[in-house]
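>>> show me how the following folds:
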Amino acid sequence: MRFSKNYLLGILTVMLTFNYMDRIALGVVLEDVKRDLQLSDTQLGFLTGIAFALFYSVLGVPIARWADRSNRVTIISLSVALWSMAVALCGAALSFMQLMLIRVVVGVGEAGCVPASLSLIASYFSRGERPRAVSLYMQGVSASLIIGYFAAGWLDEMFGWRVMFVMIGVPGLGLALLGRYTIKDVRRDEEKRALPDHSFKDVCVFLWNTPSFHHLLYSMAVNWFFTYGTLQWTPAFFVRSFGLKAGELGSWFAVIYGVMFIIGTYVGGEWATRRASRNESRQLRGMAIITAVSGILAALVYIPTTGPNHYFAFAWLGLSMLTAAAVSGPQFAVIQALVPLRMQAVAIAIVYMFGNLIGLGLGPWAAGALSDALRPWLAAESLRYALLLLCPAVLWSAWHLWAGSWTVARDVERVSEKPNNRLQRAGSEMSTPIAACGVAPERE
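The predicted model follows:
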């Protein structure tokens, strides 16, 4: 079983790498796309934001609902195949409208990856193991940052952005086949005993009666607004403010984002597993402090006093990424502890829906619109100050993590207690059929 768990985690991590890679690549080539298709910053923000996020977020919920009831491996493999074909087609776009429609298809495909994958991981790893397991899974984001920035930068410089999209999209088709025929969807005994007929309304009512889930949802939505708003535009900021080329910029970002994300994700997962295992309150308080520090460091990237050249900005960017990455694994592990096993894919999909609609949907657009609005006064430096204005959002996100730490112990206990006691409590707290679901407690 240990080999199966490790192999499963490895395949899912590689899939996550390809899931994020196209978004990284698009950020690197924004300036080239803007020039070739004659787009404004607002159009680029819409293209990288809401055009993708709307379908990616909303469709994630029904796909996750499907995953909670059906074969998760099949769903994940189909998703990988669909988004890989669409990413390759990005290279054929000749107008803003064509590229936007192709990005919509990419969003539909990528919507089926993360919720189903995290649900599958929860079936193989116990509550105490999940912070480490999810952090290792999130290393796929680290790999996408390294490969995406490096490959996109140099492929764009050598062959152009159109060929670049084809070359990063096609390999995903082979990965979809590999996953379909080499990994298995094995549900744990307690999942098999759980009644599968709870409705989507039941899940929503359960989450509504879980205060800690609210704070995690708000925290991630606000944080992603900042993260995606800056992630898509930071390459363009270094091009405009420091005159860097795509190849050089891709190499720097591969090291700064990729390596720092690897270290931060690993440290965060290890800390949560070794020092705060089964103590979600301590995990949330630690994440709140780290998130606040990452926001302060991020602001130093964009203020003009960080130094006379781009090396100072790169240094602050690396430290900001190191701290921000530390919370990526534990926050999803806490969500998994807050909901019964047969609701986890939908719960995570709901987080992704709101987080991505607000973060991925509005973050890049807000940054682009702010840049256009500030351009008459700040000219080429308008993007710098637009990104700086997004930084205080991280402190708001940190406050929600701290607030969630006060209620999370009670909420986790409600899920893990014995069935009869839990049903009695659920019946007293809820007025819907959720009390009849009878999800069995987790085996540790």
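
>>> so who does residue 387 touch?
Contacts here follow C-beta atoms under 8 Å, 6 or more residues apart in numbering; on that basis residue 387 touches 229, 230, 233, 234, 237, 301, 302, 367. (C-beta placed from N, C-alpha, C; glycine too.)

>>> show me the residues you listed that map onto helices.
229, 230, 233, 234, 237, 301, 302, 367 (DSSP state H).

>>> neighbour-wise, which of those leads?
Among the ones in helices among the contacts of residue 387, the one with the most neighbours (other C-beta atoms under 10 Å) is residue 367, at 32 neighbours.

>>> so what's the nearest residue to that one once chain neighbours are set aside scoring on pLDDT?
Nearest non-adjacent residue to residue 367, counting by C-beta to C-beta, 6 or more residues apart in numbering: residue 229, 4.3 Å away. According to the prediction, residue 229 has pLDDT 82.

>>> for residue 229, give its distance to residue 364.
6 Å (C-beta to C-beta, to the nearest Å).

>>> coming back round to it: could the contacts of residue 387 go into JSON lines alongside distance to residue 202?
Below are these laid out as JSON lines (distance: C-beta to C-beta, whole Å):
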{"residue": "229", "distance to residue 202": "35"}
{"residue": "230", "distance to residue 202": "37"}
{"residue": "233", "distance to residue 202": "40"}
{"residue": "234", "distance to residue 202": "41"}
{"residue": "237", "distance to residue 202": "45"}
{"residue": "301", "distance to residue 202": "44"}
{"residue": "302", "distance to residue 202": "45"}
{"residue": "367", "distance to residue 202": "38"}
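
>>> out of those, which one has the lowest pLDDT?
residue 229 (82).

>>> which ones are touching residue 90?
22, 26, 99, 102, 103, 106, 162, 165, 169.

>>> go again using 7 Å as the cut-off
Shown in contact with residue 90 (C-beta atoms under 7 Å, 6 or more residues apart in numbering): 99, 102, 165.

>>> same deal with residue 291?
Here residue 291 is in contact with 223, 327, 394, 397, 398, 401 (criterion: C-beta under 7 Å, 6+ apart).

>>> same question for residue 330.
Contact partners of residue 330, counting by C-beta under 7 Å, 6+ apart, are 131, 268, 269, 272, 283, 287.

>>> tally of neighbours for the fourth one?
Other residues within reach of residue 272 by the criterion other C-beta under 10 Å amount to 29.

>>> would you pull up how far the host helix or strand of it lies from the middle of the chain?
Residue 272 is part of helix 260-275 when elements are defined by DSSP states H and E. Relative to its parent chain, helix 260-275 has a centroid offset of 17 Å by C-alpha atoms, centre = their mean, to the nearest Å.

>>> same for that helix, what does it pack against?
helix 130-137, helix 139-159, helix 310-325, helix 328-338 (3 or more C-beta pairs under 7 Å, 6 or more residues apart in numbering; DSSP states H and E).

>>> pipe these into TSV and attach mean pLDDT per row.
Converted to TSV, the helices and strands packed on helix 260-275 look like this (pLDDT from 0 to 100):
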stretch	mean pLDDT
helix 130-137	84
helix 139-159	85
helix 310-325	90
helix 328-338	85
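
>>> tell me which residues of stretch 68-83 come out buried.
Along stretch 68-83, these residues count as buried under the neighbour rule (16 or more other C-beta atoms under 10 Å): 68, 72, 73, 75, 76, 77, 79, 80, 81, 82, 83.

>>> typo on my end, stretch 124-138
Within stretch 124-138, the residues that qualify as buried by neighbour count (16+ other C-beta under 10 Å) are 124-125, 127, 129-138.

>>> first to last residue in it, what's the distance?
With C-alpha to C-alpha, to the nearest Å as the measure, stretch 124-138 spans 16 Å from end to end.

>>> quick one: low-confidence parts of the stretch 1-150 of the chain?
1-3 (pLDDT under 70).

>>> now do the helices in it.
Counting by DSSP state H, counting those that start in this stretch, the segments of the stretch 1-150 of the chain that form helices are 2-28, 30-37, 41-48, 50-58, 60-69, 72-89, 96-110, 114-124, 130-137, 139-159.

>>> quick revisit: for the buried residues of stretch 124-138, which one is nearest residue 45?
Using C-beta to C-beta, residue 138 comes nearest to residue 45 of the buried residues of stretch 124-138, at 25.9 Å.

>>> so what's the closest one up against?
By C-beta under 7 Å, 6+ apart, the neighbours of residue 138 are 265, 328, 329.

>>> the second one: neighbour count?
Counted with other C-beta under 10 Å, the burial measure for residue 328 works out to 21 neighbours.

>>> returning to that earlier point: would you format the contacts of residue 90 as JSON lines with neighbour count and distance to residue 360 included?
JSON lines is the format used below for these (neighbours: other C-beta atoms under 10 Å; distance: C-beta to C-beta, whole Å):
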{"residue": "99", "neighbour count": "23", "distance to residue 360": "17"}
{"residue": "102", "neighbour count": "22", "distance to residue 360": "17"}
{"residue": "165", "neighbour count": "27", "distance to residue 360": "19"}
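
>>> of those residues, closest to residue 152?
Using C-beta to C-beta, those come closest to residue 152 at residue 165, 8.9 Å.

>>> test my guess that residue 391 contacts residue 295.
Yes: between residue 391 and residue 295 there is a contact at 5.8 Å, judged by C-beta atoms under 7 Å.

>>> okay, residue 248: pLDDT?
pLDDT, read off for residue 248, is 79.

>>> before we move on, what about the one 3 residues further on?
At residue 251 the predicted local distance difference test score is 81.

>>> which strand or helix spans it?
Taking DSSP H and E as the criterion, residue 251 maps to helix 246-253.

>>> and that helix, how far out from the chain's middle?
On C-alpha atoms, centre = their mean, the centre of helix 246-253 falls 23 Å from that of its chain.

>>> so who does the residue nearest to residue 325 when sequence neighbours are not counted touch?
Using C-beta to C-beta, 6+ apart and skipping residues adjacent in sequence, the residue nearest residue 325 is residue 264, 3.0 Å away. By C-beta under 7 Å, 6+ apart, the contact set of residue 264 is 321, 322, 323, 324, 325, 326.
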